[in-house]
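*Asks:* Provided below are the primary sequence and the corresponding predicted coordinates.
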Amino acid sequence: SINGGTGDADTLNLDDGGDDATNNGVLSDQLVAGLSLTGIVYQNLDHLNLWLGTGGDFCTVSSTHGAARGGVEKTTTLRSGGGNDTVTINDVTDRLTVYGEADSDTITVNGNSLGSNTVLNGDGGSDVFNIRDISADTTVNGGGGSDTVNVGSNSLGTLGAPNSNSGGNVNAINAKLAVY
């Protein structure tokens, strides 16, 4: 267990970049598990930086580690590394930045909390972004390659079928969505 204490500059760096296997990982407000990690429990951090390996990884962000404390914005940065990665975001409570990095990635946002900030960077490759539900500012930066951005409740785009977005609605898009 890692406890950042009461300071305002506590940072945890977790680097799985040397792993070329395909892994499944979960990131929550107090736990990083899967990938090639046995599970790391953490609390009272201000900044969490996570690097995935070079395989086609799957990572679910079920929640991030909390709202600002004492005027300090808490940040979570996820770098997916090489491989065709899949990142699914279910909740964000402060600032989450995702870098797709090399190859073609699929990044899906199922929700973020009011007052949070989500920034998605495709970087290299032809990436697919599915924006299904947002309650806070969300920015999509495609980067290099031919990227696809699907917006709506049925956004299910994949690398094999990037334009899968039919029959839904945009009723759950409740904040600013900027696409670059």
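*Replies:* Received it, and whenever you're ready, just let me know what you need.
*Asks:* chain center to the strand ranked longest in the chain, what's the gap?
*Replies:* The longest strand of the chain (DSSP state E) is strand 37-43. Remark: strand 37-43 is offset 18 Å from the chain centroid, using CA atoms, centre = their mean, to the nearest Å.
*Asks:* Pull the residues that contact that strand.
*Replies:* Defining contact as CB atoms under 8 Å, 6 or more residues apart in numbering, one finds that strand 37-43 is touched by 1-4, 12, 14, 16, 25, 30-33, 48, 65. Using the backbone N, CA and C atoms, a C-beta is placed for each residue, glycine as well.
*Asks:* where are the low-confidence patches of the chain?
*Replies:* 67-72 (pLDDT under 70).
*Asks:* which residue is nearest the middle of it?
*Replies:* residue 98 (4.7 Å; CA atoms, centre = their mean).
*Asks:* Enumerate every residue touching it.
*Replies:* 77-80, 87, 89, 107, 118-121 are the contacts of residue 98 under CB under 8 Å, 6+ apart.
*Asks:* mind checking the SS state of it?
*Replies:* strand (DSSP: H, G, I helix; E, B strand; the rest coil).
*Asks:* Now do the contacts for the residue nearest to residue 123 when sequence neighbours are not counted.
*Replies:* Leaving out its chain neighbours, the residue that sits closest to residue 123 by CB to CB, 6 or more residues apart in numbering is residue 143, at 4.3 Å. Residues near residue 143 by CB under 8 Å, 6+ apart: 100, 121-124, 127.
*Asks:* Repeat that for residue 88.
*Replies:* Taking CB under 8 Å, 6+ apart as the test, what residue 88 contacts is 58-61, 108, 110.
*Asks:* follow-up on the earlier one: buried residues of the longest strand of the chain, list them for me.
*Replies:* Neighbour-count burial for strand 37-43, with 16 or more other CB atoms under 10 Å as criterion, is recorded at residue 42.
*Asks:* same question, stretch 17-37
*Replies:* Applying 16+ other CB under 10 Å to stretch 17-37 flags 19, 23, 25-32, 34-35 as buried.
*Asks:* Any chance of CSV for those residues, columns secondary structure and distance to residue 150?
*Replies:* As requested, these are exported to CSV (DSSP: H, G, I helix; E, B strand; the rest coil; distance: CB to CB, whole Å):
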residue, secondary structure, distance to residue 150
19, coil, 30
23, coil, 25
25, strand, 24
26, strand, 24
27, strand, 23
28, coil, 26
29, coil, 27
30, coil, 31
31, strand, 29
32, strand, 28
34, strand, 26
35, coil, 27
